[in-house]
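>>> Provide a 3D model corresponding to the input given below.
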Amino acid sequence: VTLCHMRRYVGFLQKVLAEESESFALSGEVSAWFDDTTAALSGIRKVLAKGPIDNRQRYDALAALGHAASHYRETVYRQGKFSATVSQPANRIKNMLSDTLVIIDLSIGSNQREDGLFHSYNLLDLQQDAVGVDHLYPMLEGQVAAMSAGTLPPRDAVNVLEVLFDSAMYRADQRSFILYPDPELPGFLEKNRMSAERAEAIPLLKELLSAGDESIVYRDADGWCRFNSEIANVDSLRARLNTLAEVRGADLDTARPPIEALYEEVFQHRAFTGRSGTMFGYEGLGSIYWHMVSKLLLAVQENFFAALKSGAEEADCRRLGQLYYRVREGIGFNKSPGEYGAVPTDPYSHTPKHAGASQPGMTGQVKEEVLSRFGELGIRVSDGAVQFQPNLLREREFLTHVREFRFLDVDDNWQDLSVPALGLAFTWCQVPVIYRLDNDVAPAITVAWDDGGEQHLPQLALPTEVSTELVQRSGRVRQLTVTFGTPLLFPE
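Residues are numbered from 1 along each chain as shown. Reported below is the predicted structural model:
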């Protein structure tokens, strides 16, 4: 998840620095960290170019990056301050970002599962001079992160969404998604147990069981073997094993690794994720976490507009739009109070499996849905210019008859505006925007100025100077009337 968001940030930095040619002044300590990190990333990229890395190479990569950060931290703590500045050429920073992006993209790609979904969080298996990787179960958060990273071609994004709808994370009763598949938890007596055959496969445990020594494992009344209940963790297990050292000697050294492996196999402490695997509310088992669903909605929308911008096939663009509205249909405002379990237009944290929407408040869902709604309306900002791209807006949203629109203007005064049939009204930066459907005229914008004058623009984009007046809420722009035909809307 973090890697996907890092990918997005690195891409943003590349855009920011694209036109830069001058050097940047860094402190000596940051510059040294940059040099060490650049060398490490360059080496990792060369290793990855030869194919997938093994556990030893992964350890070397982690160590190189870790030593760079440790050296920086130790130096700053020791000195108590930063030293004089050092110049780093812009091109060198760009090259480092390029290496980083290649490594991130390969890492994201390697975490795609056979079913098309993405691993969300991985488990590090830290060994002596080696680092292994294990995977947790699929999570909605991982799919949202992958969709947001900007690496998926439109058709691949469609596949991720369709697999997601067919997965165990989809809750048909709410037409939405839980955070992770809802597993059947083992009962209390099903925990901390292993078959006798599994325990006796380790000679030392077999001997202890035969001798009636229950310090490590014991056999219950049903024939299952269990670890001694006073063993709290692997350190406690090791302490217990140490008490056998004088008697067992070399046999104990041989038995330690398989016993510790069996202990982890039984309890799976490394894979413990806290409340997500034990609770039934909040972000727990069977719960829909509405902020994450709204993040998914926004991510699908981003992929829709990215597909349009890249000139992707019409079928892929249309399917992304359809899947966007399918995700949207599961959000509360589309439901009755009985189905949602609360007032549908109020934001709620989550919907547990056993109850309706719970924990009301201004959750993160509000932010995501404000963004996604303006995206549906087609407001796009690029290079300081406001554009109107209503390709995701549906004709059903336009009025069938004249209605009044009440809004708070830039002077904080309430105003009333008549919206015509085949029209739609909203405000952006406290300026009313009127959409009008007309298939007989070319797309255009009419800007109403504060002096009573009007400016006609023969395109669905505002010049940067008009955009600046709008965003700054200067009061000069009083109204925008945007006219276009139904072919620009999303087909239903």
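>>> how near is Gln389 to Ala461?
Relative to Ala461, Gln389 is positioned 9 Å away (criterion: Cβ to Cβ, to the nearest Å). Glycine gets a C-beta too; all of them are placed from N, C-alpha and C.
>>> got a list of what the nearest residue to Phe267 once chain neighbours are set aside touches?
Excluding its sequence neighbours, the residue lying closest to Phe267 (Cβ to Cβ, 6 or more residues apart in numbering) is Asn192, at 7.0 Å. Residues touching Asn192, when contacts are defined by Cβ atoms under 8 Å, 6 or more residues apart in numbering, comprise 226-227, 229, 266-267.
>>> quick one: residues contacting Asp440.
For Asp440, the contact set (Cβ under 8 Å, 6+ apart) comprises Gly485.
>>> go on, the one 4 residues further on?
Residues in contact with Ala444, defined by Cβ under 8 Å, 6+ apart, are 456-460, 482-484.
>>> one more time with 7 Å
Contact partners of Ala444, counting by Cβ atoms under 7 Å, 6 or more residues apart in numbering, are 456-458, 483.
>>> just the ones of the residues you listed in strands?
Among the contacts of Ala444, the members falling in strands are 456-457, 483 (criterion: DSSP state E).
>>> against Asn159, how distant is the closest residue to Gly330 other than its chain neighbours?
Nearest-residue entry for Gly330: Ser176, 3.3 Å, with adjacent residues in sequence omitted and distances by Cβ to Cβ, 6+ apart. Look at Ser176 and Asn159: by Cβ to Cβ, they are 20 Å apart.
>>> so for the two, which residue has more residues nearby?
Between Ser176 and Asn159, counted using other Cβ atoms under 10 Å, the more crowded position is Ser176 (25 against 16).
>>> which residues of the protein score low on pLDDT?
For the chain, applying pLDDT under 70 flags no range at all.
>>> how about residues contacting the lengthiest helix in it?
Ranked by residue count, the top helix of the chain under DSSP state H comes out as helix 55-79. By Cβ under 7 Å, 6+ apart, the surrounding residues in contact with helix 55-79 are 29, 32-33, 36-37, 40, 43-44, 47, 82, 129-132.
>>> again, only using 6 Å
Outside helix 55-79, the residues within contact range by Cβ atoms under 6 Å, 6 or more residues apart in numbering are 29, 33, 36-37, 40, 44, 47, 129-132.
>>> likewise stretch 9-18?
Stretch 9-18 is touched from outside by 94, 97, 100-101, with contacts defined as Cβ under 6 Å, 6+ apart.
>>> now distance to Leu393 and secondary structure too, for those, in a markdown table please.
Putting those into a markdown table (distance: Cβ to Cβ, whole Å; DSSP: H, G, I helix; E, B strand; the rest coil) gives the following:
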| residue | distance to Leu393 | secondary structure |
| --- | --- | --- |
| Lys94 | 38 | helix |
| Leu97 | 36 | helix |
| Thr100 | 37 | helix |
| Leu101 | 34 | helix |
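>>> give me the neighbour count for His291.
Here the number of neighbours of His291 (other Cβ under 10 Å) works out to 19.
>>> for the stretch 201-350 of the chain, which segments count as strands?
Using DSSP state E, counting those that start in this stretch, the strands of the stretch 201-350 of the chain run over 217-219, 225-227, 288-289, 348-351.
>>> distance of the residue nearest to Phe267 from Thr351?
When Cβ to Cβ is the yardstick, Asn192 and Thr351 sit 33 Å from each other.
>>> then Glu313?
Glu313 sits 36 Å away from Thr351 when distances are taken as Cβ to Cβ.
>>> do the same with Ala421
Per Cβ to Cβ, Ala421 is found 38 Å from Thr351.
>>> which one of the two has more residues nearby?
Counted by other Cβ under 10 Å, Ala421 and Thr351 do not tie: Thr351 has more neighbours, with 27 against 12.
>>> partner residues bridging the more buried one?
Ile288 (DSSP bridges).
>>> from Thr345, how far off is it?
Relative to Thr345, Thr351 is positioned 15 Å away (Cβ to Cβ).
>>> can you pull the contacts of the residue nearest the centre of the chain?
Centrality entry for the chain: nearest residue to the mean C-alpha point is Ala145, 2.8 Å, by Cα atoms, centre = their mean. Contact analysis of Ala145 by Cβ under 6 Å, 6+ apart lists 1, 4.
>>> at 8 Å what do you get?
Per Cβ under 8 Å, 6+ apart, neighbours of Ala145: 1, 3-5, 118, 120.
>>> same deal with Arg155?
Residues near Arg155 by Cβ under 8 Å, 6+ apart: 312-313, 316.
>>> let's see which of those residues end up in helices.
When these are checked against helices using DSSP H, the ones located there are Asp316.
>>> how about a markdown table for the contacts of Arg155, with distance to Gln301 added?
What follows is the contacts of Arg155, written out as a markdown table (distance: Cβ to Cβ, whole Å):
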| residue | distance to Gln301 |
| --- | --- |
| Ala312 | 15 |
| Glu313 | 18 |
| Asp316 | 15 |
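>>> filter the contacts of Arg155 down to the buried ones, ChimeraX style.
One line in ChimeraX is enough to select the buried members of the contacts of Arg155, burial here meaning 16 or more other Cβ atoms under 10 Å:
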select :312,316
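>>> quick one: which of the contacts of Arg155 is nearest to Arg238?
The nearest member of those to Arg238, counting by Cβ to Cβ, is Asp316 at 55.1 Å.
>>> contacting residues around the closest one?
When the contact criterion is Cβ under 8 Å, 6+ apart, the partners of Asp316 are 154-155, 158, 307.
>>> give me the number of residues near the closest residue to it other than its chain neighbours?
Counting by Cβ to Cβ, 6+ apart, Pro154 is the residue found nearest to Asp316 once chain neighbours are left out, at 4.1 Å. The local packing of Pro154 (other Cβ under 10 Å) involves 20 other residues.
>>> do Arg436 as well
By the measure other Cβ under 10 Å, the count of residues near Arg436 is 19.
>>> gap between it and Gly452?
The span separating Arg436 from Gly452 equals 21 Å under the rule Cβ to Cβ.
>>> over to Pro347?
From Pro347 across to Gly452, the span is 41 Å (Cβ to Cβ).
>>> these two: which has the busier surroundings?
It is Pro347, of Pro347 and Gly452, that has more neighbours when counted by other Cβ under 10 Å, with 22 against 7.
>>> residues touching the more buried one, list them.
290, 332, 360-363, 365-366.
>>> re the thing from before, of the contacts of Ala145, closest to Ser382?
Taking Cβ to Cβ as the measure, His5 is the one of these closest to Ser382, at 21.8 Å.
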